[in-house]
Structure formats: structure tokens, C-alpha cells
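Trainee: would you be able to build a 3D model of this:
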Amino acid sequence: MFEKFNETYMEVNGIRLFVRKSDNVNAPPIVLLHGYPQTSAMWHKVAPMLLDDFEVICPDLRGYGRSDKPSSDELHETYSKRTMANDIVAMMRQLGHDKFDLVGHDRGARVAHRLAIDHGEMVKSMVLLDIAPGREMYENTRSDFAHAYWHWFFLTQKYPIPEQMIGLDPDSYWKLKCFNQAGHNSSFSKDALKEYLDAFRDDAAIHASCEDYRAAATIDIAHDNEDGTDKLATPLYIIWAKKGAIEKCFDVMELWRQRAEKVTGESVDTTHYMAEEIPIVIAQKIINFCTNQVMEITHD
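Mentor: Down below sits the predicted model:
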């Protein structure tokens, strides 16, 4: 995986992030943020297809993969999407970039959303995979969503309930959650799956990911509420899975129109893990959207 990428660690905000980065530094930068319970390895099929158009940067989010897993706090601020987004901002500034395109899947898409709210001047365009806005998803939750996304409510339970239960057999938990959500296990390559499972066997990773979800149900919603009626100004493209709970349980575009000024989107015939199931389609849609935004900005 990632044959044309360098691997490094970067010190940001008092922690180390593990980063995979291409070496075509003269191309415009694009950041790819992974979801739960994965690592930057989820982009191993998509990232190489972006190299003709972008300098591609794929970090492991704090708490995941080979990045640090700092101790949390009672408010879960350590794993708020604002804190996680600030890691990415610091990373990009160290790399010499004050403007970039941004792509996120799952939890990484939520980090990307908060980054674009707090640092909109840095984000040229943004592509989010298979999410609706978190606050609105909680507000509109029904039993069908709660059953499909049971982990949202399990992982937010008081420490150490989910940590201890997952820690008894992290491999089985990972496969139960992800294979069921994908409808099969063929989405994940042997090398990527090994990286996911190796990383998730770490008790600190299990705890950090629970804190990520606890933050999503508390402090992240508080941050959303602080935004008031302000809408995201960044050009936004939403892609969601026809075979997933987001399609079944929510009016995706209507919810995003409540939060963003310039939003387009579509569903694709896949499950939640679309970057690994249909990487050619996803890569082409990313290229088309982000390069078109650059052309529009240049033309204006």
C-alpha cells in the first residue's frame, strides 16, 4: 500500500501524528481524513489515483492508528472535532500550506466539517463521504437509525463500559461492526485489514475512539450550537451510500442545506466503505469536484 508515499511523524498541538504524504510537492494539496475504526490505510486505493492532480496527505487522526492517543478529560474536549481539526490545521501549516482541498469519510468527515467551520479561509473545497450533520442526526434519530448505528449509542456509554467489553475481543468487535455495515468482508484488502486490526488491539486506541464518540454526543453539539444560524461557506459535495443507514434514515441534502450555503451531492450504489468498494468512482468524483472549484475560483 502507498508505494509512492512517504511515511513520517509530525509534532502538532503537543502530540505526534502519523502521516502518509506524496512527494509531488508542486501540486495543490489535498487532505484525506479516515473514519472509525480505521486508519489512513482506508485511502490506499483512492490516494494513488489523485497523484496526477494533487499532493496527497493522509494522516491518522489523533487516537487512531499510529498517531498519539492522549489522555482525555471530563468534557471530552481532547477528542472534540474542534481539537482534532486543529491538529490538521497545524499539520498543514507545518507543511507550508495555508489553503487546501479536504476530503473526509465517517468520523474524518466530521473533523473536516468542523475544520471548515472554524478555518474556512483554509479550505478551497470539501468532499464528505456518507455522513449527515452530527447534531441534526441526533435530533432526527429514530429507532431504525439507532438499530443500524448501534455503535453510536454503545460507545458513548460511561467509561469503562464499552472499553472493557470491546477489549475482551477487539478483533471480533471490529469485524462485527465493519463487516456487518459493509454487508460482507470483501471491501477490505488483506494489508489494510491487518493494519486496522493491529491498531485497534491497543487499549488506548479503544478508549480514544470511545472518547471521539462521547465528544460527538456532547461538546461537538455544543460547538455546533455556538455557531448559531451561520452556514458553512466552503463549496461542499456530499456522497452517501444507497445501501447505508444515512440514505434510509435521513433526507441528506435537506439536512446539509440547513448547515451549508453551497452544497451539492448524490448517492452511489455502495455501502458505507465506499472508498474501498468503489475507489475509481470515488477518486474521479473527488477530482472532478475539487478541480472544478479551482477553475471557478480562477475564473472569478
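Trainee: so for the one residue sitting closest to the centre of the chain, what's the pLDDT?
Mentor: By C-alpha atoms, centre = their mean, the chain has its centre lying nearest to residue 108, at 1.3 Å. Per-residue confidence (pLDDT) for residue 108: 98.
Trainee: residue 124 is in what secondary structure piece?
Mentor: Assigned by DSSP states H and E, residue 124 belongs to strand 123-129.
Trainee: tell me the buried residues in that strand?
Mentor: 123-129 (16 or more other C-beta atoms under 10 Å). The C-beta positions use only the backbone N, C-alpha and C, and glycine is treated the same way.
Trainee: where do the helices of the stretch 151-300 of the chain begin and end?
Mentor: Counting by DSSP state H, counting those that start in this stretch, the stretch 151-300 of the chain has helices at residues 161-167, 170-182, 190-200, 203-216, 219-226, 245-249, 252-257, 274-277, 279-299.
Trainee: and the second one, what's buried?
Mentor: So that's helix 170-182. For helix 170-182, using 16+ other C-beta under 10 Å, the buried residues are 170, 173-175, 177-179, 181-182.
Trainee: again with the fourth one
Mentor: By neighbour count on 16+ other C-beta under 10 Å, the buried set for helix 203-216 is 205-216.
Trainee: report the angle between that helix and helix 190-200.
Mentor: Interaxial angle, helix 203-216 versus helix 190-200 (axes from the mean of the first three to the mean of the last three C-alpha atoms, to 10 degrees): 80 degrees.
Trainee: alpha carbons only: can I get helix 203-216 in CSV?
Mentor: The C-alpha trace of helix 203-216 is given here as CSV (Å, rounded to 0.1, in the frame of the first residue of the first chain):
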residue,chain,number,x,y,z
ASP,A,203,-6.4,-0.4,24.7
ALA,A,204,-5.5,3.3,24.3
ALA,A,205,-7.0,3.3,20.8
ILE,A,206,-10.2,1.7,22.0
HIS,A,207,-10.6,4.3,24.7
ALA,A,208,-9.7,7.2,22.4
SER,A,209,-12.3,6.1,19.9
CYS,A,210,-14.9,5.9,22.6
GLU,A,211,-14.0,9.4,23.6
ASP,A,212,-14.4,10.5,20.0
TYR,A,213,-18.0,9.4,20.1
ARG,A,214,-18.6,10.8,23.6
ALA,A,215,-17.4,14.1,22.3
ALA,A,216,-19.7,13.8,19.3
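Trainee: so what touches it?
Mentor: Residues outside helix 203-216 that contact it (C-beta atoms under 8 Å, 6 or more residues apart in numbering): 36-37, 62-65, 69-70, 72, 76-81, 84, 107, 110, 134, 151-152, 155-156, 159-160, 162-163, 166-167, 170, 199-200.
Trainee: which regions of the stretch 151-300 of the chain sit below the pLDDT cut-off?
Mentor: 294-300 (pLDDT under 70).
Trainee: ok, back up a step: now the buried residues of helix 170-182 in JSON lines, with distance to residue 264?
Mentor: Shown next, in JSON lines, are the buried residues of helix 170-182 (distance: C-beta to C-beta, whole Å):
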{"residue": "170", "distance to residue 264": "38"}
{"residue": "173", "distance to residue 264": "36"}
{"residue": "174", "distance to residue 264": "33"}
{"residue": "175", "distance to residue 264": "35"}
{"residue": "177", "distance to residue 264": "30"}
{"residue": "178", "distance to residue 264": "28"}
{"residue": "179", "distance to residue 264": "31"}
{"residue": "181", "distance to residue 264": "25"}
{"residue": "182", "distance to residue 264": "26"}
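Trainee: between the residues you listed, which is nearest residue 144?
Mentor: Within the buried residues of helix 170-182, proximity to residue 144 (C-beta to C-beta) peaks at residue 181, which comes in at 14.5 Å.
Trainee: out of the contacts of helix 203-216, which end up buried?
Mentor: Taking 16+ other C-beta under 10 Å as the criterion, what is buried in those is 36-37, 62-65, 69-70, 72, 76-81, 84, 107, 110, 134, 151-152, 155-156, 162-163, 166, 170, 199-200.
Trainee: what's the closest non-adjacent residue to the residue nearest to the centre of the chain?
Mentor: Spatial nearest neighbour of residue 108, excluding adjacent residues (C-beta to C-beta, 6 or more residues apart in numbering): residue 33 at 2.9 Å.
Trainee: just flag the most distant two among the buried residues of strand 123-129.
Mentor: Across the buried residues of strand 123-129 (C-beta to C-beta), the longest gap, 17.6 Å, separates 124 and 129.
Trainee: circling back to that earlier point, turn the helices of the stretch 151-300 of the chain into a markdown table, columns for distance to residue 10.
Mentor: What follows is the helices of the stretch 151-300 of the chain, written out as a markdown table (distance: least, C-beta to C-beta, whole Å):
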| stretch | distance to residue 10 |
| --- | --- |
| helix 161-167 | 28 |
| helix 170-182 | 27 |
| helix 190-200 | 18 |
| helix 203-216 | 18 |
| helix 219-226 | 24 |
| helix 245-249 | 32 |
| helix 252-257 | 31 |
| helix 274-277 | 23 |
| helix 279-299 | 23 |
